[in-house]
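Undergrad: one predicted model, sequence on top.
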Amino acid sequence: MGEIEVWRIAVTPANSAAAASLAPRVLDAAEQRKAAAFRRPADQDLYRIAHVALRTLLADRLHRPAAELRFRQAACPGCGKPHGRPEVISDEPLEFSLSHTTGLALIALAPDTVGLDVERLAAFGAATATDIAGQLHPAEQAELAAVAADLRPAATLRCWVRKEAYLKGTGMGLGAGAAADYVGLGPGYPAHPATPPPGWAIQSVPVPDAYDAAIALRTDAPAPLPLTVRDLDLDLDPGLDPGLDLGIGPGIG
């Protein structure tokens with residue numbers, strides 16, 4: 001198994017300013033239009049930070065200018081049409097997944113098909129958690145029912161990020177519904193006899209306490225996966241050339 005990286009990029013004033021400066025040189029016309037279409041400045045900042053970071057990291061790994069990278073949608077595993085997970089067009093085997101929520105973006109880079117999701121705990125209040133739990137696989141509903149009521153929102157969030165990471169990895173998304181596949185709550189919660197989808201490993205990603213995140217990798221190797229988790233600071237302006245300082249924070253193996 002090759003290296004699996006997860007990069008955390010916080011939405012800070014410095015990163016917002018750096019992304020705004022780099023965006024005209026890095027993002028393509030469609031990405032710049034999408035960023036400008038957000039009404040709230042905070043949403044514009046988050047989008048620019050996430051997509052500038054993604055292009056910068058991919059450019060560094062593929063030894064190509066960030067602005068020249070091109071993307072496509074993989075074939076949907078359900079219908080075969082090109083609206084599956086995004087891929088960078090390259091002769092080198094490099095898969096990625098991008099997820100962002102208020103205040104934080106995550107990017108996974110891996111040699112195999114990968115999915116990633118991050119969400120804020122604040123979005124999973126008791127009522128929302130109850131509604132989401134009712135949409136999950138029956139085995140996941142059983143696991144959640146065994147969790148103490150005060151811990152259930154966090155447990156529901158844990159199941160949801162695992163589910164989203166897996167579905168983003170497959171490219172199916174929620175088209176088949178959240179109840180179609182079992183991923184479970186993972187370690188630390190009451191276990192159910194069911195097992196995760198074969199050929200996939202799913203595990204948590206370390207993020208600040210206000211969030212939860214998970215990664216799913218297509219592999220026959222069991223979790224835990226050998227992740228390296230780092231922080232990326234765009235405000236150090238790594239430029240567009242590979243090999244320059246990317247503002248890498250301490251790694252978490």
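TA: All right, it came through fine. Residues are numbered from 1 along each chain as shown.
Undergrad: tell me where the stretch 51-200 of the chain has helices.
TA: For the stretch 51-200 of the chain, the helices defined by DSSP state H, counting those that start in this stretch occupy 126-133, 138-145, 152-170.
Undergrad: where does the stretch 51-200 of the chain dip in pLDDT?
TA: By pLDDT under 70, the weakly predicted segments of the stretch 51-200 of the chain are 78, 80, 82, 175, 192-194.
Undergrad: before we move on, back to that, among the helices of the stretch 51-200 of the chain, which is nearest Phe71?
TA: helix 152-170 (14.9 Å; CB to CB). Bear in mind the C-beta positions are built from the backbone N, C-alpha and C, glycine included.
Undergrad: any chance you could give me that closest one in PDB, C-alpha atoms only?
TA: Output of helix 152-170 as PDB, limited to C-alpha atoms (Å, rounded to 0.1, in the frame of the first residue of the first chain):
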ATOM      1  CA  ARG A 152     -26.200  10.100  20.100                       C
ATOM      2  CA  PRO A 153     -25.700  13.300  18.100                       C
ATOM      3  CA  ALA A 154     -21.900  12.700  18.100                       C
ATOM      4  CA  ALA A 155     -22.400   9.000  17.300                       C
ATOM      5  CA  THR A 156     -24.800   9.900  14.400                       C
ATOM      6  CA  LEU A 157     -22.200  12.300  13.100                       C
ATOM      7  CA  ARG A 158     -19.600   9.600  13.300                       C
ATOM      8  CA  CYS A 159     -21.700   7.200  11.300                       C
ATOM      9  CA  TRP A 160     -22.600   9.900   8.800                       C
ATOM     10  CA  VAL A 161     -19.000  10.900   7.900                       C
ATOM     11  CA  ARG A 162     -18.100   7.300   7.500                       C
ATOM     12  CA  LYS A 163     -21.100   6.800   5.200                       C
ATOM     13  CA  GLU A 164     -20.300   9.900   3.100                       C
ATOM     14  CA  ALA A 165     -16.600   9.000   2.800                       C
ATOM     15  CA  TYR A 166     -17.500   5.600   1.600                       C
ATOM     16  CA  LEU A 167     -20.200   6.800  -0.900                       C
ATOM     17  CA  LYS A 168     -17.800   9.500  -2.200                       C
ATOM     18  CA  GLY A 169     -15.200   6.800  -2.700                       C
ATOM     19  CA  THR A 170     -17.600   4.600  -4.700                       C
END
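Undergrad: next SSE downstream of that helix?
TA: Toward the C-terminal end, the helix or strand that comes next after helix 152-170 (DSSP states H and E) is strand 200-204.
Undergrad: quick one: contacts of that following strand?
TA: 158, 161-162, 165-166, 169, 183, 186-187, 196, 212-219, 221-225, 227 (CB atoms under 8 Å, 6 or more residues apart in numbering).
Undergrad: and among the helices of the stretch 51-200 of the chain, the most buried is which?
TA: Compared across the helices of the stretch 51-200 of the chain, helix 152-170 shows the largest average neighbour count, a mean of 24 (mean count of other CB atoms under 10 Å).
Undergrad: quick one, strands of the stretch 1-150 of the chain?
TA: With DSSP state E, counting those that start in this stretch as the criterion, the stretch 1-150 of the chain has strands at 4-10, 71-73, 86-88, 95-101, 104-110, 114-120.
Undergrad: can you put these in CSV and add distance to Leu234?
TA: Listed next are the strands of the stretch 1-150 of the chain as CSV, based on distance: least, CB to CB, whole Å:
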stretch, distance to Leu234
strand 4-10, 7
strand 71-73, 20
strand 86-88, 19
strand 95-101, 14
strand 104-110, 10
strand 114-120, 18
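Undergrad: can you list those in a markdown table and add distance to Ala129 and mean neighbour count?
TA: Formatted as a markdown table, those follow (distance: least, CB to CB, whole Å; neighbours: other CB atoms under 10 Å):
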| stretch | distance to Ala129 | mean neighbour count |
| --- | --- | --- |
| strand 4-10 | 24 | 21 |
| strand 71-73 | 32 | 13 |
| strand 86-88 | 29 | 17 |
| strand 95-101 | 16 | 21 |
| strand 104-110 | 20 | 24 |
| strand 114-120 | 12 | 23 |
